[in-house]
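J.: next comes the sequence, and after it the predicted model I'd like to discuss.
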Amino acid sequence: GEDVEQSLFLSVREGDSSVINCTYTDSSSTYLYWYKQEPGAGLQLLTYIFSNMDMKQDQRLTVLLNKKDKHLSLRIADTQTGDSAIYFCAESVVASGGSYIPTFGRGTSLIVHP
Amino acid sequence: EAGVAQSPRYKIIEKRQSVAFWCNPISGHATLYWYQQILGQGPKLLIQFQNNGVVDDSQLPKDRFSAERLKGVDSTLKIQPAKLEDSAVYLCASSLEGRAISGANVLTFGAGSRLTVL
(Lines give C-alpha, C1' and ligand atoms only; values in the text may rest on other atoms or scores of the structure.)
Protein backbone atom coordinates (compact mmCIF):
# COMPACT_ATOMS: atom_id res chain seq x y z
CA GLY A 1 0.00 0.00 0.00
CA GLU A 2 0.87 3.69 -0.10
CA ASP A 3 3.42 4.94 2.43
CA VAL A 4 1.68 8.31 2.60
CA GLU A 5 -2.11 8.49 2.37
CA GLN A 6 -4.39 11.45 1.76
CA SER A 7 -8.01 11.95 0.91
CA LEU A 8 -8.40 12.83 -2.76
CA PHE A 9 -10.77 15.80 -2.71
CA LEU A 10 -11.83 18.66 -0.48
CA SER A 11 -14.36 21.34 -1.37
CA VAL A 12 -14.74 24.49 0.74
CA ARG A 13 -16.40 27.86 0.49
CA GLU A 14 -14.27 30.96 0.09
CA GLY A 15 -13.46 32.45 3.50
CA ASP A 16 -13.85 29.15 5.38
CA SER A 17 -10.99 27.14 6.81
CA SER A 18 -9.67 24.10 4.96
CA VAL A 19 -8.17 21.10 6.72
CA ILE A 20 -6.22 18.57 4.66
CA ASN A 21 -5.22 15.36 6.39
CA CYS A 22 -2.41 12.90 5.81
CA THR A 23 -1.20 9.69 7.40
CA TYR A 24 2.25 8.23 6.99
CA THR A 25 3.81 4.93 7.89
CA ASP A 26 7.49 5.42 8.66
CA SER A 27 8.04 6.42 12.28
CA SER A 28 11.64 7.35 11.51
CA SER A 29 10.56 10.29 9.33
CA THR A 30 12.47 13.30 10.54
CA TYR A 31 10.66 16.00 8.58
CA LEU A 32 7.19 16.13 7.08
CA TYR A 33 6.27 18.50 4.29
CA TRP A 34 3.36 20.09 2.52
CA TYR A 35 3.74 20.96 -1.15
CA LYS A 36 1.28 22.72 -3.45
CA GLN A 37 0.85 22.03 -7.17
CA GLU A 38 -1.06 24.35 -9.44
CA PRO A 39 -2.19 23.21 -12.91
CA GLY A 40 0.69 22.73 -15.32
CA ALA A 41 3.31 23.53 -12.73
CA GLY A 42 5.76 21.67 -10.55
CA LEU A 43 5.38 21.25 -6.82
CA GLN A 44 6.10 24.20 -4.57
CA LEU A 45 7.01 23.87 -0.91
CA LEU A 46 4.45 25.41 1.42
CA THR A 47 5.78 24.47 4.81
CA TYR A 48 7.41 21.68 6.78
CA ILE A 49 7.57 20.48 10.36
CA PHE A 50 10.26 18.70 12.31
CA SER A 51 9.12 15.46 13.84
CA ASN A 52 9.70 16.57 17.45
CA MET A 53 7.21 19.42 17.04
CA ASP A 54 3.43 19.24 17.50
CA MET A 55 2.47 22.40 15.68
CA LYS A 56 3.84 25.01 13.36
CA GLN A 57 2.10 28.19 12.27
CA ASP A 58 3.04 30.26 9.25
CA GLN A 59 0.62 33.09 8.42
CA ARG A 60 -2.60 31.41 7.21
CA LEU A 61 -1.10 27.93 7.44
CA THR A 62 -1.14 25.73 10.55
CA VAL A 63 0.48 22.31 10.56
CA LEU A 64 -0.43 19.81 13.26
CA LEU A 65 1.56 16.64 13.82
CA ASN A 66 0.44 13.66 15.89
CA LYS A 67 3.52 11.49 15.87
CA LYS A 68 1.90 8.71 17.90
CA ASP A 69 -0.83 8.27 15.29
CA LYS A 70 1.45 9.24 12.39
CA HIS A 71 -1.09 11.87 11.37
CA LEU A 72 -0.32 15.22 9.79
CA SER A 73 -2.76 17.98 8.92
CA LEU A 74 -2.62 21.30 7.11
CA ARG A 75 -5.10 23.99 8.01
CA ILE A 76 -5.56 26.96 5.69
CA ALA A 77 -7.38 29.85 7.32
CA ASP A 78 -9.59 32.19 5.29
CA THR A 79 -9.30 30.01 2.17
CA GLN A 80 -9.23 31.96 -1.09
CA THR A 81 -9.93 30.90 -4.68
CA GLY A 82 -6.20 31.19 -5.33
CA ASP A 83 -5.66 28.35 -2.87
CA SER A 84 -7.36 25.95 -5.28
CA ALA A 85 -4.65 23.41 -6.13
CA ILE A 86 -3.44 19.92 -5.29
CA TYR A 87 -1.75 19.61 -1.91
CA PHE A 88 0.81 16.89 -1.34
CA CYS A 89 1.98 15.52 1.95
CA ALA A 90 5.54 14.15 1.98
CA GLU A 91 7.89 12.47 4.39
CA SER A 92 11.66 12.25 4.33
CA VAL A 93 13.03 8.94 5.42
CA VAL A 94 16.75 8.65 6.07
CA ALA A 95 18.10 5.79 4.00
CA SER A 96 21.27 3.85 4.54
CA GLY A 97 24.20 6.12 3.87
CA GLY A 98 22.47 9.08 5.45
CA SER A 99 20.54 10.35 2.44
CA TYR A 100 16.99 11.61 2.53
CA ILE A 101 14.49 9.75 0.36
CA PRO A 102 11.40 11.94 -0.08
CA THR A 103 8.09 10.09 -0.50
CA PHE A 104 4.87 11.81 -1.57
CA GLY A 105 1.21 11.01 -1.12
CA ARG A 106 -1.31 11.02 -3.97
CA GLY A 107 -2.38 14.58 -3.27
CA THR A 108 -5.61 16.23 -2.16
CA SER A 109 -7.42 18.42 -4.69
CA LEU A 110 -8.70 21.50 -2.89
CA ILE A 111 -11.58 23.22 -4.65
CA VAL A 112 -12.58 26.63 -3.35
CA HIS A 113 -15.93 27.97 -4.52
CA PRO A 114 -17.41 31.43 -4.00
CA GLU B 1 17.65 32.79 -8.32
CA ALA B 2 16.82 30.82 -11.44
CA GLY B 3 14.60 27.81 -10.91
CA VAL B 4 14.93 24.23 -12.09
CA ALA B 5 14.79 24.17 -15.89
CA GLN B 6 13.33 21.24 -17.80
CA SER B 7 12.84 20.52 -21.46
CA PRO B 8 10.92 19.71 -23.48
CA ARG B 9 7.66 20.73 -21.77
CA TYR B 10 5.61 18.40 -23.95
CA LYS B 11 6.44 15.34 -25.99
CA ILE B 12 4.21 12.97 -27.94
CA ILE B 13 5.69 9.74 -29.25
CA GLU B 14 4.50 6.36 -30.40
CA LYS B 15 5.12 3.26 -28.35
CA ARG B 16 8.51 1.65 -28.87
CA GLN B 17 10.06 5.01 -29.74
CA SER B 18 12.65 6.67 -27.54
CA VAL B 19 12.59 10.00 -25.72
CA ALA B 20 15.00 12.03 -23.62
CA PHE B 21 14.33 14.70 -21.02
CA TRP B 22 16.80 17.27 -19.81
CA CYS B 23 17.09 19.00 -16.45
CA ASN B 24 19.24 21.85 -15.22
CA PRO B 25 19.03 22.15 -11.43
CA ILE B 26 19.50 25.20 -9.29
CA SER B 27 23.13 26.25 -9.22
CA GLY B 28 24.95 24.73 -6.27
CA HIS B 29 22.35 22.08 -5.51
CA ALA B 30 24.15 18.80 -4.88
CA THR B 31 21.14 16.51 -5.05
CA LEU B 32 18.97 15.93 -8.11
CA TYR B 33 15.81 13.86 -8.37
CA TRP B 34 13.70 12.51 -11.20
CA TYR B 35 10.07 11.78 -10.34
CA GLN B 36 7.33 10.23 -12.44
CA GLN B 37 3.84 11.63 -11.86
CA ILE B 38 1.06 9.66 -13.50
CA LEU B 39 -2.25 11.49 -13.83
CA GLY B 40 -4.12 11.49 -10.53
CA GLN B 41 -1.18 10.18 -8.52
CA GLY B 42 1.59 11.65 -6.44
CA PRO B 43 5.16 11.89 -7.70
CA LYS B 44 7.06 8.62 -7.55
CA LEU B 45 10.83 8.77 -7.18
CA LEU B 46 12.67 7.20 -10.10
CA ILE B 47 16.25 8.12 -9.30
CA GLN B 48 18.19 10.32 -6.90
CA PHE B 49 21.70 11.64 -7.56
CA GLN B 50 24.14 13.10 -5.07
CA ASN B 51 26.53 15.13 -7.23
CA ASN B 52 27.15 12.69 -10.10
CA GLY B 53 26.66 9.50 -8.09
CA VAL B 54 23.43 7.52 -7.81
CA VAL B 55 21.93 7.44 -4.30
CA ASP B 56 18.79 5.49 -5.07
CA ASP B 57 17.45 4.01 -8.31
CA SER B 58 15.47 1.14 -6.85
CA GLN B 59 12.24 2.21 -8.59
CA LEU B 60 13.79 2.95 -11.99
CA PRO B 61 12.69 0.37 -14.63
CA LYS B 62 16.21 -0.25 -15.76
CA ASP B 63 15.25 -2.34 -18.76
CA ARG B 64 13.94 0.81 -20.46
CA PHE B 65 14.84 3.84 -18.35
CA SER B 66 18.28 5.31 -17.91
CA ALA B 67 19.53 8.50 -16.33
CA GLU B 68 22.84 10.22 -15.98
CA ARG B 69 24.22 13.32 -14.35
CA LEU B 70 27.55 13.98 -15.90
CA LYS B 71 29.77 16.49 -14.10
CA GLY B 72 27.26 16.67 -11.26
CA VAL B 73 25.14 19.41 -12.84
CA ASP B 74 22.69 18.76 -15.69
CA SER B 75 20.88 15.47 -15.98
CA THR B 76 19.11 13.53 -18.71
CA LEU B 77 16.44 10.87 -18.34
CA LYS B 78 15.94 8.53 -21.29
CA ILE B 79 13.20 6.05 -22.06
CA GLN B 80 13.83 3.43 -24.73
CA PRO B 81 11.58 1.84 -25.86
CA ALA B 82 8.56 3.69 -24.50
CA LYS B 83 5.39 1.91 -23.44
CA LEU B 84 1.85 3.26 -23.15
CA GLU B 85 2.09 3.21 -19.35
CA ASP B 86 5.03 5.60 -19.45
CA SER B 87 2.61 8.44 -20.23
CA ALA B 88 3.16 10.81 -17.33
CA VAL B 89 4.76 14.05 -16.25
CA TYR B 90 8.44 13.69 -15.50
CA LEU B 91 9.47 16.07 -12.76
CA CYS B 92 13.00 17.05 -12.00
CA ALA B 93 13.83 18.49 -8.59
CA SER B 94 16.96 19.56 -6.80
CA SER B 95 17.95 20.25 -3.22
CA LEU B 96 20.91 21.90 -1.62
CA GLU B 97 21.95 18.91 0.41
CA GLY B 98 20.15 15.60 0.35
CA ARG B 99 22.00 14.13 3.26
CA ALA B 100 20.76 14.04 6.84
CA ILE B 101 23.24 16.54 8.16
CA SER B 102 20.96 19.20 9.46
CA GLY B 103 17.72 20.88 8.59
CA ALA B 104 14.92 19.99 6.28
CA ASN B 105 15.53 18.66 2.80
CA VAL B 106 13.61 21.18 0.72
CA LEU B 107 13.10 20.19 -2.90
CA THR B 108 12.68 22.76 -5.68
CA PHE B 109 10.78 21.36 -8.64
CA GLY B 110 10.81 22.19 -12.30
CA ALA B 111 7.57 22.57 -14.25
CA GLY B 112 7.88 19.05 -15.61
CA SER B 113 7.96 17.35 -19.00
CA ARG B 114 4.65 15.86 -20.06
CA LEU B 115 5.01 12.67 -22.07
CA THR B 116 2.20 11.11 -24.08
CA VAL B 117 2.83 7.69 -25.55
CA LEU B 118 0.38 6.67 -28.30
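T.: Cool, the structure landed. Residues are numbered from 1 along each chain as shown, chains lettered A, B, ... in the order given.
J.: and the nearest residue to residue A:17 once chain neighbours are set aside, what does it touch?
T.: Here the nearest residue to residue A:17 in space, its sequence neighbours aside, is residue A:77; by C-beta to C-beta, 6 or more residues apart in numbering or on different chains that works out to 5.4 Å. Yep, even glycine has a C-beta here, placed from its N, CA and C like the rest. Neighbouring residues of residue A:77 by C-beta atoms under 8 Å, 6 or more residues apart in numbering or on different chains: A:17, A:60-62.
J.: which of those residues lies closest to residue B:30?
T.: Closest approach to residue B:30 among the contacts of residue A:77 (C-beta to C-beta): residue A:61, at 28.3 Å.
J.: what residues does chain B put near chain A?
T.: Taking C-beta under 8 Å from any C-beta of the partner chain as the contact definition, chain B meets chain A at B:4, B:31, B:33, B:35, B:40-45, B:48, B:50, B:55-56, B:91, B:93, B:95, B:98-101, B:104-112.
J.: and the next helix or strand past the helix-or-strand element of chain B with minimal mean pLDDT?
T.: Comparing every helix and strand of chain B by mean pLDDT, DSSP states H and E singles out strand B:53-56 as the least confident one, with a mean of 88. With elements assigned by DSSP states H and E, the helix or strand that comes after strand B:53-56 is strand B:65-68.
J.: all the strands of chain A, residue numbers only.
T.: All strands of chain A, identified by DSSP state E, fall at A:4-6, A:9-13, A:18-24, A:31-37, A:43-50, A:55-58, A:61-66, A:71-76, A:85-94, A:100-104, A:108-113.
J.: which strands and helices lie in contact with the helix or strand containing residue B:46?
T.: For residue B:46, the enclosing helix or strand under DSSP H and E is strand B:44-50. Under the contact criterion of 3 or more C-beta pairs under 8 Å, 6 or more residues apart in numbering or on different chains; DSSP states H and E, the helices and strands touching strand B:44-50 comprise strand A:100-104, strand B:31-37, strand B:53-56, strand B:65-68, strand B:75-79.
J.: dump the residue contacts of the residue in chain A that chain B sits nearest to.
T.: Closest approach between chain A and chain B, counting by C-beta to the nearest C-beta: residue A:42, at 3.2 Å. By C-beta under 8 Å, 6+ apart, the contact list for residue A:42 reads B:4, B:91, B:93, B:109-112.
J.: so which of those residues are in strands?
T.: Judged by DSSP E, the subset of those located in strands is B:91, B:93, B:109.
J.: whichever of these end up buried, select them in ChimeraX.
T.: Buried members of the ones in strands among the contacts of residue A:42, identified by 16 or more other C-beta atoms under 10 Å in any protein chain shown, are gathered into one ChimeraX selection as follows:
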select /B:91,93,109
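J.: please name the residues that touch residue 92.
T.: By default, I'm working from chain A. By C-beta under 8 Å, 6+ apart, the neighbours of residue A:92 are A:29-33, A:100-103, B:104-105.
J.: wrong one, I was asking about chain B
T.: Contacts here follow C-beta under 8 Å, 6+ apart; on that basis residue B:92 touches B:4, B:6, B:21, B:23, B:25, B:32-35, B:75, B:77, B:109-110, B:112.
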